[in-house]
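Asks: What shape does this take:
(one chain, ligands or ions: 2)
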Amino acid sequence: MPRASTVFVCSSCGAESAKWRGQCPDCGNWNTLAEEARGPAKAPKAATRAVKPVPLRQVEAVRYTRLATGIGELDRVLGGGLVPGSLVLIGGSPGIGKSTLTSMALGNLQADGRRTLYVSGEESAAQIRLRAERLPGAALDVPVLAETDLDTVLATLDAERPEVCVIDSVQTLHAGDLTGAAGSVGQVREVADRITRLAKQRGIAVLLVGHVTKEGALAGPRVLEHLVDAVLQFEGERERTYRTLRALKNRFGSTNDVGVFEMQTSGLVEVADASARFVAEATRAPGSVVLAAMEGSRPLLVEVQALVSPSEIVPPRRVANGIDRNRLALVLAVLGRHAGIGAGAADVFVNVAGGVKIEEPGADLAVALAVASATRGVTMGEQTPIACFGEIGLTGELRSVGHPERRLAEAQKFGLADVIAPSQRTSTLRQAVRQALGSTPKTQAA
Ligand code: TYD
Ligand code: MG
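Replies: Numbering: from 1, shown residues only. Ligands and ions are numbered 1, 2, ... in the order given. Purely as a prediction, here's the structure:
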């Protein structure tokens, strides 16, 4: 009997090899080859007929009605709800709230009269029930299957034909015909591939939960991203209550939207008024400004604070928390030399609120504006705090930084209308300071 053949695929570059090797012959990485199933080799077909391509205009396009999960922030990030037959991967580190979010979504859909199914390879049905008891809505009415065998899961899906299904998690399912352990690259790929095929056939919308590995990749480098229709990233610190949900890829919507949640005792609560909270948490005092930063590919708003006070010691203190000390020295020098705001013999303290660390050039302008406003004793921004970003050059010019549109979008999302950033109108630090502090500086020119 011809056995389904397997190949060894490199998890970092995707190169294939007929036999296992310790080192990938293509990219040279070690221990990255994992076994993967290949269907039986196809016999060349002699009589394959050509197909006549049709113009797009004549293609019949089905207009899907989206399934609203009832969680506003999730629906928005999805682009208006779940598309039937689509596969959505939700990634995040353990404990972030993936199971909570997906349980709540299924509960809402079930209450809406949709057929749902929650497949868990991580927890027992009893554990899932205990969680569901804490959650609002109809979470307890959702049918559940605690199972790790892929074939059983697929057979159950085929028999039950739910409209929406959660697989929690893709790493815990195991395909019996592959030798690798559950969670290995080959297994994850196979599991996702077979679920995708069934989901497309039967029109089941699948929420695939995936753990993020230490390197921050979803189930191994990029192995699933091309396969699924959307990739959502659930992020946040476990100690903090805020969590953000964003789309890294979305075939049915944009990837600029971000959903904000707060973990409470009764599950995840949407933070729809995040803008109001950010505005409320920023101190709105002289020396405070909001920085629209990028953390990798993720925009993040943080408050940068500065305090400038007369010093009793020589040389005066320069204390930086959350930003590079050398960068602070540079910004102070440029402020004094090119913007007419010298810290002179004063102590300067700069702090990124919330213990956040910012390691990107875009923070320069926030540091400069915070120090300028602290020095002058002027509060920036009228109704809302001012947001800013930009790198500062040694000649006093403002230099553009990556992803300006994402930073702007993030500031706007959180209700910060005044954003000072490198532009034609604002090309120097002096102009930026003048804009931020209003009419106060003496150097008011045309
Ligand atoms: P969970 O959804 O299990 O995370 P994940 O599936 O991503 O690993 O839940 C994460 C944490 O949230 C867990 O430590 C307990 C906490 N939690 C609450 O604080 N309130 C709740 O209502 C629930 C259900 C969980
Ligand atoms: Mg979980």
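Asks: where's Val302 relative to Ala292, distance?
Replies: Val302 sits 9 Å away from Ala292, going by C-beta to C-beta, to the nearest Å. Bear in mind the C-beta positions are built from the backbone N, C-alpha and C, glycine included.
Asks: State whether Val334 is indeed within a helix.
Replies: Yes: counting by DSSP: H, G, I helix; E, B strand; the rest coil, Val334 is part of a helix.
Asks: okay, now it: neighbour count?
Replies: Counted with other C-beta atoms under 10 Å, the neighbours of Val334 add up to 21.
Asks: Report pLDDT for it.
Replies: In this model, Val334 is scored at 96, pLDDT.
Asks: For Ala292, see how far away it is.
Replies: Applying C-beta to C-beta, the value for Val334 to Ala292 is 20 Å.
Asks: do the same with Arg284
Replies: 17 Å.
Asks: now do the same end-to-end measure for stretch 251-267.
Replies: With C-alpha to C-alpha, to the nearest Å applied, stretch 251-267 spans 28 Å between its terminal residues.
Asks: for this protein, which helix is longest?
Replies: Assignment by DSSP state H gives helix 185-202 as the longest helix of the chain.
Asks: Give me the distance from that one to the chain's centre.
Replies: Mean-position distance between helix 185-202 and its chain equals 23 Å (C-alpha atoms, centre = their mean, to the nearest Å).
Asks: What is that helix packed up against?
Replies: Applying 3 or more C-beta pairs under 8 Å, 6 or more residues apart in numbering; DSSP states H and E, one finds that helix 185-202 contacts strand 6-10, strand 33-37, strand 87-92, helix 150-160, strand 205-211.
Asks: Residues of the stretch 51-200 of the chain that sit close to ligand 1?
Replies: Contacts of the stretch 51-200 of the chain with ligand 1, taken as C-beta under 6 Å from any ligand atom, map to Gly92, Pro94, Gly95, Ile96, Gly97, Lys98, Ser99, Thr100, Arg131, Arg134.
Asks: could you give the angle of the longest helix of the chain to strand 205-211?
Replies: Orientation note: helix 185-202 sits at an angle of 170 degrees relative to strand 205-211 (axes from the mean of the first three to the mean of the last three C-alpha atoms, to 10 degrees).
Asks: Val302 and Ala292: who's more crowded?
Replies: Ala292 (30 against 22).
Asks: how about the more buried one, what does it touch?
Replies: Listed by C-beta atoms under 8 Å, 6 or more residues apart in numbering, the contact set of Ala292 reads 299-301, 362, 387-389, 407-408, 410-411, 416, 419, 421.
Asks: which secondary structure elements does the longest strand along the chain contact?
Replies: Counting residues, the longest strand in the chain under DSSP state E turns out to be strand 298-310. Applying 3+ C-beta pairs under 8 Å, 6+ apart, one finds that strand 298-310 contacts strand 288-295, strand 346-352, helix 364-376, helix 404-413.
Asks: care to break the chain down by domain?
Replies: 5-38, 66-271, 275-437 (automatic domain parsing).
Asks: From one end of the shortest one to the other, what's the distance?
Replies: Distance across domain 5-38, first residue to last, is 5 Å (C-alpha to C-alpha).
Asks: I figured Ala346 hits Ser309, correct?
Replies: Yes: using C-beta atoms under 8 Å, Ala346 is in contact with Ser309, at 6.1 Å.
Asks: Compare these two and say which one has the larger neighbour count.
Replies: With neighbours defined as other C-beta under 10 Å, Ala346 and Ser309 compare such that Ala346 has more, 18 against 12.
Asks: Okay, and the beta partners of the more buried one?
Replies: Pro310 (DSSP bridges).
Asks: OK, contacts around it?
Replies: Taking C-beta under 8 Å, 6+ apart, we find Ala346 in contact with Val308, Ser309, Pro310, Ser311, Pro316, Thr375.
Asks: As a markdown table, the residues you listed with pLDDT and distance to Val212 would be great.
Replies: Converted to a markdown table, the contacts of Ala346 look like this (pLDDT from 0 to 100; distance: C-beta to C-beta, whole Å):
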| residue | pLDDT | distance to Val212 |
| --- | --- | --- |
| Val308 | 95 | 41 |
| Ser309 | 94 | 43 |
| Pro310 | 92 | 48 |
| Ser311 | 90 | 46 |
| Pro316 | 93 | 44 |
| Thr375 | 95 | 43 |
